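K.L.:
the amino acid sequence is not available; the structure is as follows:
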Ligand SMILES: Cc1ncc(COP(=O)(O)O)c(C=O)c1O
């Protein structure tokens, strides 16, 4: 066989998100794009803020000598300093330039961190449901994913995480705001998680790391603030990007921030820079690093996503769907009225509505709706959602 057995098996087990996206393309070909309601892919549809476009134009008009050349593998000082400054202001912790490594999106950042910390066979605990790519990223770096169920409302079940921790455990990987549930982990939950990790690290005589995937950090609603993860546990690494907050998903710009309070922090930083280089990223895109440096407090208009959440969530609730109200990201993760989530999403597909079955996120019996689409698409799909709800006797009388 030409390709590796592992890759072959991963390909056969193709991602549900991709599968739905591809089926959607076929439906669009048959029925026309405007007649298919595609909620399969979390691709931000809002344009980047005007400030980015202006900075891009200014840079193109007055190029800096050497701006397309190689640089230090950790990225430009100017960008890291700007990020560290905001991190220090937000957290009150003394972040400096050296604690930041610029990466090729959050996906690149996660691979870098995992490569830096994992030895063959070590485990990473991931609360479930979870972003499926985590499985591959962990495997890329020789580790094993250990999914742990969350509570009914998708909040962290700290007791279950504790039970899963043993000598093989290297890290816990959380994601808040969460893909696929939209849940934001609370101050209390993170407090309990931090205390438990401190206790378990002491018991095991080794440092357990907390990796916090905050790819959706600014896509957050209802006036709530995202708790600062560094406050709850010293050995914390934040991985994030500007894919969602500045709508730059295709430009691949992100960073990792290693807490100054992290055990063996200097080694961890050196290992991350090494991994950034040797995984073949070399460095994060130069042009994007320059552009995002002054935009660390900017964001797309989050209200637009919040309005869509309200529209979709309220309508689906009226039709009888059971959903945990998301506080961030741009996903809804309702319960399917039957156990077989794939059978259920086929019903929606018959109404030309594309969603992803929960099993694509390790949680059968649910389905994910990505509402990073325009309002018209949401409004167009509502009658279909209602008809399916009626068929399954979900409509409140
Ligand atoms: C939870 C989560 N983490 C990471 C990523 C990767 O983001 P990036 O585009 O920054 O690589 C995504 C992308 O959808 C995501 O949903």
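P.N.:
Right, received. Where do you want to start? Everything quoted here is computed from the prediction, not taken from an experiment.

K.L.:
now for residue 45, how many residues are close by?
P.N.:
Other residues within reach of residue 45, judged by other CB atoms under 10 Å, total 16. The way it works is simple: take the backbone N, C-alpha and C, and place the C-beta from them, glycine included.

K.L.:
oh, that last question was meant for residue 282, not what I typed.
P.N.:
A count of nearby residues for residue 282, using other CB under 10 Å, gives 12.

K.L.:
what's the closest non-adjacent residue to it?
P.N.:
Spatial nearest neighbour of residue 282, chain neighbours left out: residue 73 (6.5 Å); criterion: CB to CB, 6 or more residues apart in numbering.

K.L.:
which residues does that neighbour contact?
P.N.:
273-274, 276-277, 282-283 (CB atoms under 8 Å, 6 or more residues apart in numbering).

K.L.:
so is residue 210 in a helix, a strand, or just coil?
P.N.:
Look at residue 210: counting by DSSP: H, G, I helix; E, B strand; the rest coil, its state is strand.

K.L.:
contacting residues around it?
P.N.:
171-172, 174, 193-194, 197, 229, 232-233, 235-237.

K.L.:
which of the residues you listed lies at the shortest distance from residue 131?
P.N.:
Distance from residue 131 was checked for each of the contacts of residue 210 by CB to CB. The minimum falls on residue 174, at 11.0 Å.

K.L.:
returning to that earlier point: and the furthest pair within the contacts of residue 73?
P.N.:
When the contacts of residue 73 are compared pair by pair using CB to CB, the two farthest from each other are 274 and 283, 12.6 Å apart.

K.L.:
so which of those two has more stuff around it?
P.N.:
Looking at residue 274 and residue 283 with other CB under 10 Å, you find the greater number of neighbours at residue 283, namely 20 against 14.

K.L.:
quick one: pLDDT of residue 14?
P.N.:
At residue 14 the predicted local distance difference test score is 67.

K.L.:
what are the ranges of the helices in the chain?
P.N.:
If you assign secondary structure with DSSP state H, the helices in the chain sit at 5-12, 16-31, 50-61, 77-91, 105-117, 133-140, 158-164, 187-204, 265-278, 286-292, 302-318, 341-350, 375-391.

K.L.:
run the chain-centre distance for the last one.
P.N.:
What separates the centre of helix 375-391 from the centre of its chain is 27 Å, taken as CA atoms, centre = their mean, to the nearest Å.

K.L.:
what does the fifth one give?
P.N.:
In terms of CA atoms, centre = their mean, the centre of helix 105-117 is set 13 Å apart from its chain centre.

K.L.:
what's the answer for the first one, then?
P.N.:
A distance of 24 Å separates the C-alpha centroid of helix 5-12 from that of its chain, computed with CA atoms, centre = their mean.

K.L.:
elements contacting the worst-scoring helix or strand of the chain on mean pLDDT?
P.N.:
Taking mean pLDDT, DSSP states H and E as the measure, helix 16-31 is the helix or strand of the chain with the lowest mean score, a mean of 82. Where contact means 3 or more CB pairs under 8 Å, 6 or more residues apart in numbering; DSSP states H and E, helix 16-31 is packed against strand 37-38, helix 341-350, strand 353-354, strand 356-357.

K.L.:
out of those, deepest packed?
P.N.:
Each of the helices and strands packed on helix 16-31 was given a mean neighbour count from mean count of other CB atoms under 10 Å, and the largest, a mean of 26, is that of strand 356-357.

K.L.:
is any residue of it near the ligand?
P.N.:
No - taking CB under 6 Å from any ligand atom as the criterion, strand 356-357 and the ligand are apart, separated by no less than 12.1 Å.

K.L.:
ok, and what's touching that strand?
P.N.:
16-17, 20, 40, 180, 341-342, 344-345, 364, 366-368, 370.

K.L.:
can we see that at 7 Å?
P.N.:
Applying CB atoms under 7 Å, 6 or more residues apart in numbering, the contact partners of strand 356-357 are 16-17, 20, 40, 341-342, 345, 367-368.

K.L.:
same deal with stretch 267-283?
P.N.:
When contacts are taken as CB under 7 Å, 6+ apart, the neighbours of stretch 267-283 outside the stretch itself are 70-71, 73-75, 98-99, 101-104, 108, 111-113, 115-116, 256, 258, 262.

K.L.:
pull out the buried members of the residues you listed.
P.N.:
The neighbour-count test (16 or more other CB atoms under 10 Å) marks 71, 73-75, 98-99, 101-104, 108, 111-113, 115-116, 256, 258, 262 as buried among the contacts of stretch 267-283.

K.L.:
now, which of these lie close to the ligand?
P.N.:
Of the entries in the buried ones among the contacts of stretch 267-283, not a single one is placed beside the ligand under the rule of CB under 6 Å from any ligand atom.

K.L.:
what sits against the nearest residue to residue 182 once chain neighbours are set aside?
P.N.:
The shortest distance from residue 182 to any residue that is not its chain neighbour, by CB to CB, 6+ apart, is 2.2 Å, and that residue is residue 326. Applying CB under 7 Å, 6+ apart, one finds that residue 326 lies in contact with 181-183, 309, 332.

K.L.:
what do you get if the cut-off is 8 Å, keeping everything else the same?
P.N.:
Taking CB under 8 Å, 6+ apart as the contact definition, residue 326 lies against 177, 181-183, 221, 309, 313, 332-333.

K.L.:
if I look at the spatially closest residue to residue 227 that is not a sequence neighbour, how far off is residue 155?
P.N.:
Of all residues not flanking residue 227 in the chain, residue 187 sits nearest, at 4.9 Å (CB to CB, 6+ apart). When CB to CB, to the nearest Å is applied, the distance between residue 187 and residue 155 equals 12 Å.

K.L.:
which of these two has more residues huddled nearby?
P.N.:
Taking residue 187 and residue 155 together and counting by other CB under 10 Å, residue 155 has the greater number of neighbours (19 against 12).
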